[in-house]
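quick one: sequence plus predicted model below, questions after.
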Amino acid sequence: MQDVGTVALVLTDAPDMESLGLNAVNAAKAAGARRLLWFSSFGAKRDNQARFSRRHPVIDEAVRASGIPYTILRPNYLMQNFTFFYGDVIRTTGTIFLPLGDARISHLDLRDLAEAAAAALTEDRHINKTYDLSGPEALHTGEVAEQIGAATGRAIRYQPISVAEMEASFREAGLDAWFAEGLAELYGWIRDSGLGSEVTDGVEHLLGRKAKRFRQFAADERTAWLD
Ligand SMILES: NC(=O)c1ccc[n+]([C@@H]2O[C@H](COP(=O)([O-])OP(=O)(O)OC[C@H]3O[C@@H](n4cnc5c(N)ncnc54)[C@H](OP(=O)(O)O)[C@@H]3O)[C@@H](O)[C@H]2O)c1
């Protein structure tokens, strides 16, 4: 990080995520970084049941203690998971298979997160602030299916599955055992805790406008679910 003035840190959910994050914060500090942006995670707390959600808050604390002017963005479940990760399955089967039961989630559009990051790095009013970022409404996954269906003109349905079935399908897709177990566990926690349903005004505060709706995302990305 020699001669780097601004550090924007995002970490994949690797087994050593916590030490990677702490190393990065220490390196930024040692190099004299003047600004630090950390992409954390919505509702992440040290005592969460899901292991994937317990590491982000440790890094949150290190960022706050670093002395570097920081902003922490804590995004909720991204709308783009339905294109980047599940787009092919939805396109080929017309079905969303997720272990979310009847949970409601205030999905965030990745484009809002990107704009929020730009604002955080260019406006001083966001220095030493933490923002939980959600979309404008908490949707049932059946409503997500209905909105993808409306955007594509196809019949799309939601098929709730169990956490064990999700883990098995991740393994079948080639994910390593640790990652498959952790990600499936995270879904179970999202379903059972209800924490993903909170609607925050973080995007509005950062961007001066409402967060994008899922319906708009689905219309913009409709080709991802069409042959
Ligand atoms: N997705 C969500 O809904 C969501 C919501 C809140 C917070 N988060 C947090 O956001 C962070 C990123 O998650 P994500 O959902 O974007 O998925 P991700 O799979 O962590 O990120 C994908 C990106 O990370 C790269 N990557 C993966 N493993 C890597 C490694 N070992 N070394 C270097 N690069 C690696 C990938 O590169 P390649 O494309 O080259 O493989 C890809 O560009 C995580 O901390 C996650 O907890 C995600």
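It's in.

look up phi and psi at Leu22.
Backbone torsions for Leu22, taken as degrees, to the nearest 10, come to phi -70, psi -40.

the closest residue to it other than its chain neighbours in helix, strand or coil?
Distances taken as Cβ to Cβ, 6 or more residues apart in numbering place Ala62 nearest to Leu22, at 5.4 Å, with adjacent residues excluded. Where you see a C-beta, it was placed from the backbone N, CA and C, and this is true even at glycine. Three-state call for Ala62 (DSSP: H, G, I helix; E, B strand; the rest coil): helix.

can you report how many residues lie near Ala62?
19 (other Cβ atoms under 10 Å).

got the contact list for Val199?
Residues in contact with Val199 (Cβ atoms under 8 Å, 6 or more residues apart in numbering) are 106, 134-138.

ignore the last one, Val25
9, 36, 38, 59, 62-63, 66, 68 are the contacts of Val25 under Cβ under 8 Å, 6+ apart.

10 Å - rerun?
7, 9, 33, 36, 38, 59, 61-66, 68, 70 (Cβ atoms under 10 Å, 6 or more residues apart in numbering).

before we move on, what about Phe85?
Going by Cβ under 10 Å, 6+ apart, Phe85 touches 78, 173, 183.

against the ligand, how distant is it?
Phe85 is 8 Å from the ligand, where distance means Cβ to the nearest ligand atom, to the nearest Å.

that older thread, ok, the residue nearest to Leu22 to Gly142 distance?
39 Å (Cβ to Cβ, to the nearest Å).

swap in Ile72?
On the measure of Cβ to Cβ, Ile72 and Gly142 end up 33 Å apart.
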